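Peer 1: Need a 3D model of the following:
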Amino acid sequence: MQRFSRFVQPTSIALAQYRFFNIHEYQSKRILKDNGGKVEFGIPCTTIEEVEAACANIKTPQKVVKSQILAGGRGKGHFKDGYQGGVKVCKDAKEAVEVAKKMLGNTLITKQTGAKGQVVNTLFVTEAVAGIKRELYVSLILDRKSASPIFIGSAEGGTGIEELAKTHPEKIKTMKVNISEGIDHDACVAYAKELGFTGDSAEKAANQFKVIYNIGKSKDCTMVEINPFIELENGDVMEIDAKLSFDDNAAFRQKEIFALADDTQIDSKEVLAKKFDLNYIALDGNVGCLVNGAGLAMATMDLISLHGGSPANFLDVGGSAEEKQIVAAFRIITGDPNVKSILVNIFGGIMHCDVIAKGVVNAAKTLQTKVPIVVRLNGTNEEAGKQIIAESGMDVHTAEDFESGAKLAVELAVKGK
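Peer 2: Numbers count the residues shown, from 1 in each chain. Take a look at the predicted model:
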């Protein structure tokens, strides 16, 4: 089964960047509800007082308290102080408030967050859905092989869907949608029956599949994941968890969606990169890279690795960067404590070497960085750029060619350990 994730595989092979904009569960549920989805009642809360008020408005005796972070696996996660579980079903309002006190402001660690975890700034307090007959997994993704939207589902939903796909692939059911013809009701009913729905429940499930598809299409989603998608004892169906991801390239026409961004859940370096229109991906190496052009950036990372180093980032300033963007790029790179040297590798075409040089000098002075900097300039206004660096009085190492620059950057990084 194909799943979407923010995954980067640097050097030696083509660098792939998956930057799919994610929103919180409570935001996803709101979109589902506004477009005909069947979801439980819930209220997002950022303070204990709001949790108390939410509990008073939720009619079911039991309340569900859900940590809101931009990562999966919350139910099986644990907090930094040892408290277990980021999703709790509470017997009453009093217990819900006590649980909220343990979660709010705490750091939740799941399989998807890594050891660093994410701080829980918002809780989604919901009613407890009674009479659940079955829990299923349903998602809509974009399938590269067929170049089509495809539904992926399993009658065995809940946690561990990835493992199920590996061990029992026959239990994963799919339905491809022809984008020219659109979503077909009869096909949705047949798919619902494949997932074990019968009678009126199959019709209701089919209608929800159409809702999911229409949201995916109209909102430029890269994924609509419902886990679990549930069948109730009375035959109704609901989505009681949801994760929606969106194509970053659609930001210009999905302004309301992208306005939901929660910058507190995103690496501050990525937030800064987005602000200054820099193509940045954090890695775990020790040599910071500032390059113009994605191809040159990949080649730079490969050469650093070839000489025994490890790139700390992918950072492409593009062909029309201004001095302020170069300073921002340095701020991003030096914000990583693992960076022990910086390689500036510029092939000047549209991007002028003197602009890069001014930015490097300005950044070095403004940030007062102690990290050694290696600069290789080649192309448009190369000599002017080299002169700016030479006359700056800054301790900047220059390299005459690509390979010597990479080699020197690695050597300096090793010395800086």
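
Peer 1: Only C-alpha atoms from now on, for both contacts and neighbour counts.
Peer 2: Fine.

Peer 1: name the element the residue lying closest to residue 188 once chain neighbours are set aside belongs to?
Peer 2: Spatially, and ignoring its direct neighbours in sequence, residue 188 is nearest to residue 206 (4.7 Å; CA to CA, 6 or more residues apart in numbering). Following DSSP states H and E, one finds residue 206 within helix 199-218.

Peer 1: ok, residues contacting that helix?
Peer 2: With contacts defined as CA atoms under 8 Å, 6 or more residues apart in numbering, helix 199-218 is touched by 32, 35-38, 140, 183, 185, 188-189, 191-193, 197, 221-224, 231, 235-237.

Peer 1: again, but for stretch 137-153
Peer 2: So stretch 137-153 is contacted by 1-4, 136, 154-158, 161, 172-179, 195, 212-213, 216, 222-229 (CA under 8 Å, 6+ apart).

Peer 1: Can you flag the buried ones in the residues you listed?
Peer 2: 136, 154-158, 161, 172-177, 195, 212-213, 216, 222-229 (16 or more other CA atoms under 10 Å).

Peer 1: thinking again about what came up before, tell me which of the contacts of stretch 137-153 fall in helices.
Peer 2: Judged by DSSP state H, helices contain the following of the contacts of stretch 137-153: 161, 212, 213, 216.

Peer 1: Tell me the spacing between the first one and residue 108.
Peer 2: Separation of residue 161 from residue 108 (CA to CA, to the nearest Å) stands at 21 Å.

Peer 1: And residue 122, by the same measure?
Peer 2: Distance of residue 122 to residue 108, computed by CA to CA: 12 Å.

Peer 1: cool, and residue 361?
Peer 2: For residue 361, the distance to residue 108 (CA to CA) stands at 40 Å.

Peer 1: between these two, which one's more packed in?
Peer 2: Taking other CA atoms under 10 Å, residue 361 and residue 108 do not tie; residue 108 has more neighbours (30 against 22).

Peer 1: helix, strand or coil for the nearest residue to residue 367 once chain neighbours are set aside?
Peer 2: Using CA to CA, 6+ apart and skipping residues adjacent in sequence, the residue nearest residue 367 is residue 331, 7.2 Å away. Counting by DSSP: H, G, I helix; E, B strand; the rest coil, the backbone at residue 331 sits in helix.

Peer 1: Now do residue 331: how many residues are near it, please.
Peer 2: 19.

Peer 1: And residue 375, by the same measure?
Peer 2: So residue 375, with other CA under 10 Å, has 25 neighbours.

Peer 1: Wait, a helix at it?
Peer 2: No - using three-state DSSP, the secondary structure at residue 375 is strand, not a helix.

Peer 1: returning to that earlier point: now, the contacts of helix 199-218 that are in helices?
Peer 2: Filtering these for helices - DSSP H - leaves 32, 185, 188, 189, 191, 192, 193.

Peer 1: buried subset of those residues?
Peer 2: 32, 188, 189, 191, 192, 193.

Peer 1: the strands in the stretch 1-150 of the chain, which residues?
Peer 2: 20-22, 42-45, 63-68, 78-79, 87-90, 107-109, 118-119, 122-127, 132-143, 148-154 (DSSP state E, counting those that start in this stretch).

Peer 1: I'd like these laid out as JSON lines, including mean pLDDT and distance to residue 308.
Peer 2: Putting the strands of the stretch 1-150 of the chain into JSON lines (pLDDT from 0 to 100; distance: least, CA to CA, whole Å) gives the following:
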{"stretch": "strand 20-22", "mean pLDDT": "85", "distance to residue 308": "32"}
{"stretch": "strand 42-45", "mean pLDDT": "98", "distance to residue 308": "49"}
{"stretch": "strand 63-68", "mean pLDDT": "98", "distance to residue 308": "40"}
{"stretch": "strand 78-79", "mean pLDDT": "97", "distance to residue 308": "37"}
{"stretch": "strand 87-90", "mean pLDDT": "97", "distance to residue 308": "44"}
{"stretch": "strand 107-109", "mean pLDDT": "97", "distance to residue 308": "32"}
{"stretch": "strand 118-119", "mean pLDDT": "94", "distance to residue 308": "32"}
{"stretch": "strand 122-127", "mean pLDDT": "98", "distance to residue 308": "43"}
{"stretch": "strand 132-143", "mean pLDDT": "95", "distance to residue 308": "37"}
{"stretch": "strand 148-154", "mean pLDDT": "95", "distance to residue 308": "42"}
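
Peer 1: closest one to residue 322 among those strands?
Peer 2: Smallest distance to residue 322 across these (CA to CA): 26.2 Å, for strand 20-22.

Peer 1: tell me what that closest one is packed against?
Peer 2: The contact analysis (3 or more CA pairs under 8 Å, 6 or more residues apart in numbering; DSSP states H and E) places strand 20-22 against strand 242-247.

Peer 1: Next, work out how far apart residue 24 and residue 263 are.
Peer 2: 12 Å.

Peer 1: Quick check, residue 233 in contact with residue 129.
Peer 2: No - the criterion here is CA atoms under 8 Å, and residue 233 misses it with residue 129 at 11.2 Å.

Peer 1: ok, those two, which is more surrounded?
Peer 2: The neighbour comparison of residue 233 against residue 129 (other CA under 10 Å) goes to residue 129, with 17 against 12.

Peer 1: Grab the nearest non-local neighbour of the more buried one.
Peer 2: residue 40 (7.1 Å).

Peer 1: Please apply the same query to residue 92.
Peer 2: residue 62 is the one closest to residue 92 (CA to CA, 6+ apart), at 4.9 Å.

Peer 1: and what of residue 354?
Peer 2: Using CA to CA, 6+ apart and skipping the chain neighbours, the partner closest in space to residue 354 is residue 385 (3.8 Å).

Peer 1: And the one helix or strand that neighbour maps to, what's buried?
Peer 2: For residue 385, the host element (DSSP H and E) is helix 382-390. Buried residues in helix 382-390, defined by neighbour count with 16+ other CA under 10 Å: 382, 385, 386, 388, 389, 390.
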